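J.: Just the structure for this:
(one chain, ligands or ions: 1)
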Amino acid sequence: MRVTTADIRGYKERRERFACLTAYDVVTARIADEAGIPLLLVGDSLGMVVLGYENTIPVTLNDILHHTRAVVRGTARALVVADMPFMTYHRSAAQAIESAGRCMQEGGAQAVKLEGGRATADAISRLTAIGVPVMGHVGLTPQSVHQLGGFKVQGKTSERAKELIRDALTLQDAGVFSIVLECVPSEIARRITERLAVPTIGIGAGPHCDAEIQVVSDILGWVPSFVPKHTKPYAHLADAARDAVTRYRDEVLARSFPGAAQSFSVSEEVLREVDDALSNLP
Ligand code: KIV
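T.: The predicted model follows:
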C-alpha cells in the first residue's frame, strides 16, 4: 500500500521524524523506495541536476510529467509528489487545476507541490477543495530566484521572518498536507514548526523541522564541484563513476575487455561449416 497524505500528517501527530528525498528516475526511485523513504518529490531541481540548466525556470510541465512517470514506475510504497514548474499555476486557479490534473492523471503523482505563500494560497485552496493534495513551499523559492536576487537564505530580518510565518499559516488554512521550508534560519523554522499542525519539511532549515528533504544527487555526491552548505554527501558516486568509466576505456583500448566471460560461443561444428563456406567464396 502506498503512503498517503494522511500518513504524512500522522508522522507529526505521533511526533515521529521522517526523511524525504527528490527522485527523477526509476533506478533512484526504486532504491529510495526500498530504503523506506515515505515521500519522493519529483522536484523541478531536475532542471539543474539532470538537465543542466542554471536554475529551475526553464523546466516545463512535460519535463515533470516525463520524470514523474519514471519515479512512479520505480515505487511501490512512497508517496510521489510532482513539483509544478514555473508559470504552470501562476496565471489563474483554472491553470493550476489544469496543471495539477495532468501531474496526477498523466504523471501518476499522488500529490503536487506549489511554491509561494499568500500569493499562491488562492490556487492552493481551489486545488485542495477539489481533492488535490498539495505540499506548500516557502522560504527560498527557487522559481523566484531573479526576484530574490539569488539563492539566498530567507527570513533573516524580523519583518521577513514574520512574513514567512504568516505565509506558512495561510498555506495551512488553504489545506496543504505539509510545507517545505527552504533555507530559513533554524530558530525561525522551529517557531513555524511549533505553530503548525501540518508537518514542516526542511531543507537548509536546521534540525527542528518535523522532517527533512534533500536533493538526491547532493547526498549521493553526484556533483562534487558544488556542495550547498545545507547538504552532505553520504556517497561519492561521481568519483566512483569517473573511475569506472576510465577503467572501462582503458580495458577496451588494451583489448582486455570484453573477455571470455562477456563473450558468446558457438559449437565447433558450426564454425567448421562457416569456415568451409568462407573458403568456397570466390
Ligand atoms: O525542486 C526541488 O528539489 C525542491 C526541493 C528542494 C524541496 O523543491
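
J.: and the closest residue to the ligand within the chain, how far is that from residue 59?
T.: Residue nearest to the ligand within the chain (CB to the nearest ligand atom): residue 43, separated by 2.3 Å. Backbone N, C-alpha and C define where each C-beta goes, glycine included. In this view, residue 43 and residue 59 are 9 Å apart by CB to CB, to the nearest Å.

J.: neighbour-wise, which of the two wins?
T.: residue 43 (29 against 25; other CB atoms under 10 Å).

J.: In contact with the more buried one: list those residues for me.
T.: 22, 24, 83, 113, 215 (CB atoms under 8 Å, 6 or more residues apart in numbering).

J.: List the contacts of the nearest residue to the fourth one once chain neighbours are set aside.
T.: Yep, that's residue 113 we're talking about. The spatially closest residue to residue 113, leaving aside those adjacent along the chain, is residue 135, at 4.1 Å (CB to CB, 6 or more residues apart in numbering). Residue 135 makes contact with 41, 81, 111-114, 176-180, 201, according to CB under 8 Å, 6+ apart.

J.: Could I get the full set of helices for the protein?
T.: Along the chain, the segments classed as helices by DSSP state H run 5-13, 26-34, 46-49, 61-73, 93-105, 118-129, 145-148, 158-174, 186-195, 216-220, 237-253, 268-279.

J.: Pull up the residues of the stretch 151-282 of the chain that are close to the ligand.
T.: 180, 182, 203, 213, 215 (CB under 6 Å from any ligand atom).

J.: switch to 8 Å and redo it
T.: Residues of the stretch 151-282 of the chain lying close to the ligand by CB under 8 Å from any ligand atom are 180, 182, 201, 203, 213-215.

J.: Per-residue pLDDT of the closest residue to residue 103 other than its chain neighbours, please?
T.: Leaving aside its sequence neighbours, residue 103 sits nearest to residue 82 (CB to CB, 6+ apart; 3.8 Å). Model confidence at residue 82, given as pLDDT, is 99.

J.: Max pairwise distance over the residues of the stretch 151-282 of the chain next to the ligand: which two?
T.: 201 and 215 (12.9 Å; CB to CB).

J.: So which of the two has more stuff around it?
T.: Set residue 201 next to residue 215 and count neighbours by other CB under 10 Å: residue 201 wins out with 27 against 23.

J.: I figured the more buried one was touching residue 213, is that so?
T.: Yes - Residue 201 is within contact range of residue 213, at 5.0 Å (criterion: CB atoms under 8 Å).

J.: if I look at the two, which residues touch both of them?
T.: In contact with both residue 201 and residue 213: 20, 39, 180, using CB under 8 Å, 6+ apart.

J.: how about stretch 189-203: buried residues?
T.: For stretch 189-203, a neighbour-count test (16 or more other CB atoms under 10 Å) marks 189-193, 196, 198-203 as buried.

J.: Stretch 58-72 too?
T.: 59, 61, 63-65, 67-72.

J.: what does the stretch 1-150 of the chain put close to the ligand?
T.: So the stretch 1-150 of the chain meets the ligand at 22, 41, 43-46, 56, 83, 113, 115, 137, 142 (CB under 8 Å from any ligand atom).

J.: Any regions of the chain where pLDDT drops low?
T.: Across the chain, no stretch falls below the confidence threshold (pLDDT under 70).

J.: let's see 90
T.: The chain contains residues with pLDDT under 90 at 224-226.

J.: Identify the structural domains in it and state their residue ranges.
T.: 5-235, 240-279 (automatic domain parsing).

J.: Point out the most buried one among these.
T.: domain 5-235 (a mean of 19; mean count of other CB atoms under 10 Å).

J.: Quick one: end-to-end distance for that one.
T.: 30 Å (CA to CA, to the nearest Å).

J.: Next: stretch 16-25.
T.: First-to-last distance for stretch 16-25 - CA to CA - comes to 28 Å.

J.: I would like the residues contacting that stretch, please.
T.: 8, 11, 29, 32, 37-43, 45-46, 49-50, 67, 70-71, 74, 199, 201, 210-216, 219.

J.: go on, stretch 62-71?
T.: 23-26, 29, 40, 42, 44, 46-47, 50-51, 80, 82-85, 102-103, 106-109.

J.: Right, I'll leave it there.
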